[in-house]
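J.: Here you go, sequence then predicted model.
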Amino acid sequence: MGLPILFLCNSIFAQTRIEHLQTENKTNPIGVGETLPRFSWELSGDQRNLLQKAYEIVVFPAANHKKPVWRSGKILSAASVWIPYGGSPLKSDTQYDWQVTVWDNQHAEPVTSEMAGFHMGFLHSNDWKAKWIVPGYPEDSILRPSPLFRKTFQTKKQVLSATAYITAHGLYEAQINGQRIGDAYFTPGWTAYQKRLQYQVYDVTSLLTKGNNAIGVMLGSGWYRGTVGFTNHNDVYGKDIALLFQLEITYTDGTKETVFSDGSWKSSTGEIRYAEIYNGETDDARMEKTGWTLPGYDDSNWSGVGIENAPMDVLVATYNELVKKKETFQPVRILTTPKGEKVIDFGQNLVGWVKIKVRGKAGDTIVVSHAEVLDKTGNFYTDNLRGAKAQDKYVLKGDGEEEFEPHFTWHGFQFIRLEGYPGEIKPENFTAVALYSDMTPTGTFHSSNELVNQLQHNIQWGQKGNFIDVPTDCPQRDERLGWTGDAQVFSRTAAFNMNVHNFFSKWLKDVAADQLPNGSVPHVIPNVLGARSSGSAGWADVANIIPWNMYLAYGDKEILANQFASMKAWVNYMQEVSVQDLWNTGTHFGDWLFYSPEDDNSGRAAVTDKNLIAQCFYAHSTQLLIDAAKVLGKTEEVAHYEQLLQKVKAAFMREYVTPNGRLVSGTQTAYVLALNFDMLPENLREQAADRLVANVKSYGNHLTTGFLGTPYLCHVLTRFGHTDLAYTLLLQEKYPSWLYPVKMGATTIWERWDGIKPNGTFEVPSMNSYNHYSYGAIGDWMYRVMVGLDTYEDGPGYLHSKIQPHLGGGFTQASGSLQTLYGTLACSWKTTEKGLEMDVVIPANTRSTVFVPATATDTVTESGKSFSFNGTQQNGAKGYRVAELGSGTYHFFVTK
């Protein structure tokens with residue numbers, strides 16, 4: 001019996017597997033708003049060169065699998081991502097199931113996936129029966145305590161399913177029968193509220209009971225009417241605070257019932273007496289309304305509610321991942337500062353809050369202050385928070401052990417200061433909780449250099465702390481805005497570390513929504529700074545840069561289609577304000593926070609002409625518009641903007657380049673941008689790269705770039721054959737450098753190269769964040785060049801990957817992996833006394849052009865066998881041998 005069983009086992013393991021079925025890049029999503037949702041799946045198998053030949057998708061109503069709403073039929077195609085639904089119209093508030101059958105190139109019989117599902121949200125504004133309700137009592141206009149809304153109802157039959165649809169003017173937390181609805185925070189998130197307000201959808205079937213039920217919803221001012229933008233800038237979207245709630249119930253007998261917000265609800269206030277994003281939250285447990293979300297609670301003393309006539313046509317389904325609780329941290333030390341203050345250190349600069357356990361008397365008040373760093377004397381330091389108080393206050397009710405944590409605020413911190421805490425401060429009573437958008441981690445990186453590994457850690461935590469529904473500049477001071485420049489320089493790095501497709505897709509819709517009628521793009525999105533704060537080169541270009549980067553990372557044409565009008569409007573704006581194709585008008589940030597010595601008597605500050613920068617980005621955004629038009633088949637736009645691009649580059653040459661190729665600004669950023677965006681003709685590029693190298697060496701092998709030059713610096717050096725210098729910059733440990741903050745103890749990326757100076761003093765507190773991801777854009781070079789994981793434009797989303805590691809810098813090992821939409825793509829290399837080991841993993845249904853660091857005279861084996869290279873030599877491939885490979889795991893060994 002042994003042989004048949006062994007044969008059967010081998011057959012099972014050799015079978016192609018279909019995994020990770022997703023609808024709109026989510027697993028079994030609820031509340032889908034797209035009328036034609038798109039499906040994706042991964043193939044995997046034990047054999048190499050696995051390719052899909054055909055597929056068939058079937059979609060059923062979950063209630064009736066006998067009558068599919070769409071059967072695609074057998075489609076002869078290798079496509080396995082972003083396949084649009086093609087059946088009869090989908091219905092609002094309906095659950096559907098789907099599965100896919102795949103034929104591949106290695107098996108005669110097809111394989112069928114397990115069932116996956118998706119639930120449709122409200123597709124029409126008239127699906128909403130709910131009314132906007134506001135507190136029925138006079139609000140305290142100063143403190144604005146959080147309002148509570150309550151409704152009781154009965155279910156007389158057995159519930160089959162129950163789905164809650166919720167949104168607010170402000171932030172909300174909701175419960176049914178004393179149990180929290182969902183595990184998300186800061187809902188409904190931040191969008192251009194006047195045009196786009198997201199609602200969330202929850203399966204609450206398990207929360208209902210037969211008989212009496214109660215709904216309770218608590219609101220906070222949040223971004224809608226709270227202080228946001230800069231100090232004392234509040235009521236940006238309105239002075240009201242309002243709730244919209246609709247509960248759809250289906251009973252087992254097929255009947256339905258709807259419970260929704262209307263004039264029958266009750267309102268009051270409770271323990272949250274004050275809550276602002278920047279300043280913190282005040283909770284007075286003595287004012288808690290115990291049991292207010294339970295059916296039996298006496299609400300006879302509560303007020304009624306008012307009805308607000310707020311727009312319904314701005315409501316949209318949630319597309320991005322919601323903010324959730326993530327990692328937790330325990331205190332690493334408890335200390336008394338030289339000033340005598342009680343401080344707790346959590347060992348990591350994070351974003352979220354601290355959960356506290358305490359026993360004390362009624363009225364005891366605890367004040368928790370938050371800080372990123374201690375000063376050079378070891379005292380608590382908050383000057384860099386500017387106007388943000390960042391304090392949570394808790395008033396005890398004196399009833400045994402009590403637990404406190406905020407609801408409608410968050411803080412950026414590593415340290416907290418405790419005032420008024422009764423009793424001994426014990427580590428087990430304090431837990432720091434990180435919160436950020438629930439994006440799936442996708443990338444890993446590791447090397448033989450622990451400082452660089454810490455840099456990668458800092459890059460990832462800079463992203464976590466600043467991806468709270470929107471990509472913010474910083475999470476701690478009175479700002480926390482969606483700065484466009486910061487987001488665009490980091491977007492490619494972000495797409496490696498986490499799956500940011502939905503995160504940026506949502507935010508880009510707000511970029512388009514807040515774009516000015518003349519095409520100019522605001523500095524921050526959502527725009528809370530006004531129309532005048534717009535149109536800065538390198539910031540406003542976010543409209544073109546991030547859509548293209550997301551297309552490269554995920555292969556999703558729809559992002560380009562959705563954003564194309566916005567991209568075009570931005571280029572047209574630059575053309576409109578230019579004079580003879582030269583963009584030398586307007587106000588620009590320039591190469592923000594570039595290197596500048598404190599006493600610059602000899603003119604060593606790396607000041608780059610702002611108009612030179614603007615012209616480079618004018619060309620870059622025009623090129624990206626052309627590229628997007630080609631992908632979308634817009635031939636007229638391609639021809640028109642190609643002519644414009646030629647004029648823009650010609651104007652650059654006339655204005656900023658001498659006949660022998662020297663730029664009028666001799667900075668690193670000037671040469672980096674000119675080279676990266678191909679502003680110079682081919683015959684002037686090598687000499688320009690040499691000038692860049694000479695500049696770097698003149699600063700003692702230090703970078704001098706700011707926000708706009710830094711992302712491209714090492715890429716340009718590698719492109720022109722100076723990877724050795726790129727490694728030197730990466731490994732530089734003295735200011736200014738990437739590793740200087742690491743050596744100074746940083747656990748995130750700093751806003752400034754020298755946020756803490758070598759003598760322990762700080763940069764100016766007005767602009768000195770210790771959690772600011774922009775300079776973390778070096779990660780993109782580490783992943784795409786050092787480890788070598790990249791994608792070709794003819795197969796975006798890593799359908800056609802490029803694997804070309806670059807050895808150097810004294811590293812003996814580097815590895816990286818990326819969870820693409822097709823599966824895991826990975827490369828690792830290690831140098832030994834015997835030679836070079838290089839391991840490669842290529843996902844099924846994709847192909848890769850692999851560059852093995854070897855010369856024609858080196859001996860190369862793969863999995864212990866002699867290997868024949870079938871690829872052609874390409875530009876930039878000196879010192880490599882090229883192979884065109886299909887899916888599988890490969891182990892190369894190079895003997896010199």
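T.: Cool, got the structure.
J.: make it CA atoms for all contacts and neighbour counts henceforth
T.: Fine.
J.: What segments of the stretch 101-250 of the chain are strands?
T.: Assigned by DSSP state E, counting those that start in this stretch, the strands in the stretch 101-250 of the chain fall at 111-112, 116-120, 132-135, 147-155, 159-169, 171-176, 179-180, 184-185, 197-203, 211-220, 242-251.
J.: chain center to the longest one: distance?
T.: When C-alpha coordinates are averaged (CA atoms, centre = their mean, to the nearest Å), strand 159-169 and its chain have centres 27 Å apart.
J.: didn't Ala164 look like it was pressed against Gln246?
T.: Yes: taking contacts as CA atoms under 8 Å, Ala164 lies within contact range of Gln246: 5.7 Å.
J.: Spit out the residues that contact these two alike.
T.: With contacts defined as CA atoms under 8 Å, 6 or more residues apart in numbering, no residue is shared by Ala164 and Gln246.
J.: give me every residue that touches the spatially closest residue to Glu428 that is not a sequence neighbour.
T.: Spatial nearest neighbour of Glu428, excluding adjacent residues (CA to CA, 6 or more residues apart in numbering): Gln330 at 7.4 Å. Taking CA under 8 Å, 6+ apart, we find Gln330 in contact with Phe346, Pro427, Glu428, Phe430, Thr431, Ala432.
J.: Can you give the strand pairings for the helix or strand hosting Lys357, parallel or anti for each?
T.: Secondary-structure assignment from DSSP states H and E places Lys357 in strand 342-358. Pairing partners of strand 342-358, with direction, according to DSSP bridges: strand 333-336 (antiparallel), strand 402-404 (antiparallel), strand 411-419 (antiparallel), strand 430-437 (antiparallel).
J.: In TSV, list those strands along with mean neighbour count and mean pLDDT.
T.: TSV is the format used below for the strands paired with strand 342-358 (neighbours: other CA atoms under 10 Å; pLDDT from 0 to 100):
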stretch	mean neighbour count	mean pLDDT
strand 333-336	14	98
strand 402-404	16	98
strand 411-419	23	98
strand 430-437	22	98
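J.: coming back round to it: ok, and which of the strands of the stretch 101-250 of the chain has the densest surroundings?
T.: strand 132-135 (a mean of 25; mean count of other CA atoms under 10 Å).
J.: Indicate which one of the strands paired with strand 342-358 is closest to Leu455.
T.: Among these, strand 411-419 comes nearest to Leu455, with 17.3 Å by CA to CA.
J.: now what about the closest one, what contacts it?
T.: Residues outside strand 411-419 that contact it (CA under 8 Å, 6+ apart): 278, 280, 341-353, 366-374, 380, 390, 465, 475-476, 771.
J.: thinking again about what came up before, can you redo the strands paired with strand 342-358 as CSV with distance to Asp591?
T.: Below are the strands paired with strand 342-358 laid out as CSV (distance: least, CA to CA, whole Å):
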stretch, distance to Asp591
strand 333-336, 39
strand 402-404, 43
strand 411-419, 26
strand 430-437, 29
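J.: These: which one's closest to Arg691?
T.: Set against Arg691 and scored by CA to CA, the strands paired with strand 342-358 come closest in strand 411-419, at 40.7 Å.
J.: separation between Tyr822 and Gly45?
T.: According to CA to CA, to the nearest Å, Tyr822 and Gly45 sit 12 Å apart.
J.: In terms of packing, which of those two has more residues around it?
T.: Using other CA atoms under 10 Å as the criterion, Tyr822 and Gly45 rank with Tyr822 on top: 24 against 18.
J.: Am I right that the more buried one is in contact with Ile842?
T.: No: if you go by CA under 8 Å, Tyr822 and Ile842 don't touch, sitting 9.3 Å apart.
J.: coming back round to it: could you check the strand holding Lys357 and say which residues are buried?
T.: 342-354, 356, 358 (16 or more other CA atoms under 10 Å).
J.: chain center to it, what's the gap?
T.: Between the centre of strand 342-358 and the centre of its chain there are 24 Å (CA atoms, centre = their mean).
J.: angle of the next helix or strand along the chain from that strand against strand 411-419?
T.: Using DSSP H and E, the helix or strand that follows strand 342-358 in sequence is strand 365-371. For strand 365-371 against strand 411-419, the angle by axes from the mean of the first three to the mean of the last three CA atoms, to 10 degrees is 140 degrees.
J.: What mean pLDDT does strand 365-371 get?
T.: The pLDDT scores in strand 365-371 average 98.
J.: Are there helices or strands packed against that strand, and which ones?
T.: In terms of contacts (3 or more CA pairs under 8 Å, 6 or more residues apart in numbering; DSSP states H and E), strand 365-371 is packed against strand 391-395, strand 411-419.
J.: Same list (the ones you listed) but as a markdown table, adding distance to Met312.
T.: Output for the helices and strands packed on strand 365-371, formatted as a markdown table (distance: least, CA to CA, whole Å):
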| stretch | distance to Met312 |
| --- | --- |
| strand 391-395 | 35 |
| strand 411-419 | 32 |
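J.: Out of these, which gets nearest to Gly31?
T.: Closest of these to Gly31 is strand 411-419, at 29.8 Å (criterion: CA to CA).
J.: just how off-centre is the closest one within its chain?
T.: That offset, for strand 411-419, works out to 25 Å (CA atoms, centre = their mean).
J.: wait, Asp514 sits on Pro522?
T.: Yes: counting by CA under 8 Å, Pro522 is a contact partner of Asp514 at 7.2 Å.
J.: State the distance from Gly220 to Phe762.
T.: 35 Å.
J.: err, Arg784, not the other one
T.: According to CA to CA, Arg784 stands 34 Å off from Phe762.
J.: Between these two, tell me which one has more neighbours.
T.: Applying other CA under 10 Å to Arg784 and Phe762 shows that Arg784 carries more neighbours, namely 22 against 15.
J.: So what does the more buried one have for phi and psi?
T.: The phi/psi pair for Arg784 (degrees, to the nearest 10) reads phi -80, psi -30.
J.: With His233 instead?
T.: Residue torsions, per degrees, to the nearest 10, at His233 are phi -100, psi 90.
J.: Among the strands paired with strand 342-358, which comes closest to Gly87?
T.: strand 430-437 (32.4 Å).
J.: what's in contact with that closest one?
T.: So strand 430-437 is contacted by 321-331, 346, 350-357, 464-469 (CA under 8 Å, 6+ apart).
J.: What of stretch 668-677?
T.: Contacts to stretch 668-677, defined as CA under 8 Å, 6+ apart, come from residues 591, 606, 608-609, 612-613, 616-617, 619-620, 663, 680, 685, 688-689, 691-692, 695-696, 703-706, 708-710, 712-713, 716.
J.: where does Glu308 sit relative to Trp70, distance-wise?
T.: According to CA to CA, Glu308 and Trp70 sit 41 Å apart.
J.: So the two - more neighbours on which side?
T.: Legend: neighbour count by other CA under 10 Å for Glu308 and Trp70, higher for Trp70 (18 against 15).
J.: Quick check: which element contains Phe564?
T.: Take DSSP H and E as the rule and Phe564 turns out to sit in helix 557-577.
J.: who's in contact with that helix?
T.: For helix 557-577, contacts defined as CA under 8 Å, 6+ apart pick out 505, 508-509, 512, 515, 518-521, 540-541, 543-544, 547-548, 550-551, 581, 583, 585, 618, 621-622, 625, 628-629, 631-632.
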